[in-house]
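> missing the sequence, but the structure's below:
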């Protein structure tokens, strides 16, 4: 809108001396970002120190978007409608204009940027023993990439330009490993981390699709951000001030037990479930399956039995992280909840609300929480559709070629499968050239002509028949269909001989 563009034009493209007044000046500290090679909206940076008492000081420095975007402004109202940034294929539809998300609020290398810092003292067991939250100004010393940091942490190879940061990176990873170990002892759940990575050529055509897993650098940043989010949430929870929490409720017992029964019906041994409300029980189940090659499929069935995470002003804890309270604070450039949390921090720094103000604030925050949850689900669905379409475009290059796939689900009309690079497709029953029987209880389909059974986790050799953009579907079929047709032809010849 014109109002939006007018407000945008008034936002400076550089940090001014006036902006810095009253802030903790961290511009001389060694602070850096770690993101993917293509990231342009960098909203988080970290710093690390070892204190004299042997504890660590972990600084998580987040873009101070709320300094530029105020409640009630046209930019804020637009962010409320969008809810989140949406990442489609090789592009992004941002929550905030690129001049903000990639410009003044992005923690770019070698420029001053305004931040909110959560600075935590963490002991050798990975527990936060002290912290403070403050407005700050930083000057990022390096835009690092996950791939280069992984070389340092996993291969002890120091890429050019990373020499001054080797010690800090290894110290940070040492600390986050201790934090993560502590989280695991609390019952933190680890599901399959495999993700599809799409590589584009210079014309933005899909060149390759392959699978990536979380590595050391990803774990480092994720753990640091989770710790900051937990610390912020605990701070406001114990202050008993209106706030927005990121909740992940305990699974529905009946649905969860049903999923476990199905997994055991596939031949996987799982100990009797004693208490689904204890994250350690779910964790033990996941750990017992983790080394199985079928783990990505099996963990997806457990994940489906879990409740969806969402936002609310009432804190009910986060089951997946085994945390009593959690929020989203670390991505205000691309997530609505984080931006509002930053605004709340600003608000409470100026005043403590009275009862009437608290009531109004809770009403507003609950509306924001509902909107953020709805838009998050919209974004997830849209990104899934975008991924599906990208897969279809890619697979159109391989019609009539054979693939090895594994079965992820079977219902009354199709067998759902995935390729090794996580491309999803179906084998419709109507295309089968053999008689079958489908058992809905066990989700198994039996070939009545040769007795072979196909179940969830089965590996199949199939032929790609079609990648249909209009139907948004990828179709596979069995390569032995031609063999079956030849058998029928021979049978018809034999029958004609008997008739003679």
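Looks like it came in fine. Worth saying up front: this structure is predicted, and the values here are computed from it rather than measured. Numbers count the residues shown, from 1 in each chain.
> and the next element down the chain from the longest helix along the chain?
Counting residues, the longest helix found in the chain (DSSP state H) is helix 355-395. Using DSSP states H and E, the helix or strand that directly follows helix 355-395 along the chain is strand 402-410.
> Would you map the helices across the chain?
2-10, 17-20, 74-82, 98, 146-155, 166-186, 216-239, 253-265, 279-289, 295-305, 336-350, 355-395, 481-499.
> for the protein, which spans come out with low pLDDT?
480-500 (pLDDT under 70).
> Kindly recompute the last result at 80.
Applying pLDDT under 80 to the chain flags the ranges 89, 272-277, 480-500.
> separation between residue 365 and residue 118?
20 Å (Cβ to Cβ, to the nearest Å). All C-beta spots, glycine's among them, are computed from the backbone N, C-alpha and C.
> Looking at these two, which is more packed in?
Applying other Cβ atoms under 10 Å to residue 365 and residue 118 shows that residue 118 carries more neighbours, namely 28 against 20.
> and the more buried one, what does it touch?
By Cβ atoms under 8 Å, 6 or more residues apart in numbering, residue 118 lies in contact with 59-60, 62, 131-133, 228, 231-232, 329.
> give me that answer again for 7 Å
60, 131, 133, 228, 231-232 (Cβ atoms under 7 Å, 6 or more residues apart in numbering).
> do residue 394 as well
The contact partners of residue 394, taken as Cβ under 7 Å, 6+ apart, are 206, 209.
> 8 Å instead?
Contact analysis of residue 394 by Cβ under 8 Å, 6+ apart lists 198, 206, 209, 423, 467.
> ok, residue 449 touching residue 432?
No: using Cβ atoms under 8 Å, residue 449 is not in contact with residue 432; the gap is 10.4 Å.
> between the two, which one's more packed in?
Neighbour tally, residue 449 and residue 432, criterion other Cβ under 10 Å: the higher count belongs to residue 432, 16 against 12.
> residues in contact with that one?
Residue 432 neighbours (Cβ under 8 Å, 6+ apart): 477-478.
> Run a quick neighbour tally on residue 128.
Look at residue 128: counted by other Cβ under 10 Å, it has 19 neighbours.
> Isn't it up against residue 231?
Yes: the pair residue 128 and residue 231 qualifies as a contact (Cβ under 8 Å) at a distance of 5.9 Å.
> anything in contact with each of the two?
Going by Cβ under 8 Å, 6+ apart, residues that sit against residue 128 and also against residue 231 are residue 120.
> For residue 65, give its distance to residue 94.
According to Cβ to Cβ, residue 65 stands 12 Å off from residue 94.
> before we move on, what about residue 132?
31 Å.
> quick one: which of those two has more around it?
It is residue 94, of residue 132 and residue 94, that has more neighbours when counted by other Cβ under 10 Å, with 20 against 12.
> so who does the more buried one touch?
If you count contacts by Cβ under 8 Å, 6+ apart, then residue 94 has 41, 82, 85, 101, 333-334 around it.
> swap in residue 120?
57-60, 128, 130-131, 227-228, 231.
> leaving aside the residues next to it on the chain, what's closest to it?
Excluding its sequence neighbours, the residue lying closest to residue 120 (Cβ to Cβ, 6 or more residues apart in numbering) is residue 131, at 4.4 Å.
> from what I can see that neighbour touches residue 119, true?
Yes: using Cβ under 8 Å, residue 131 makes contact with residue 119 at a distance of 6.5 Å.
> Which one's more surrounded, these two?
residue 119 (21 against 18).
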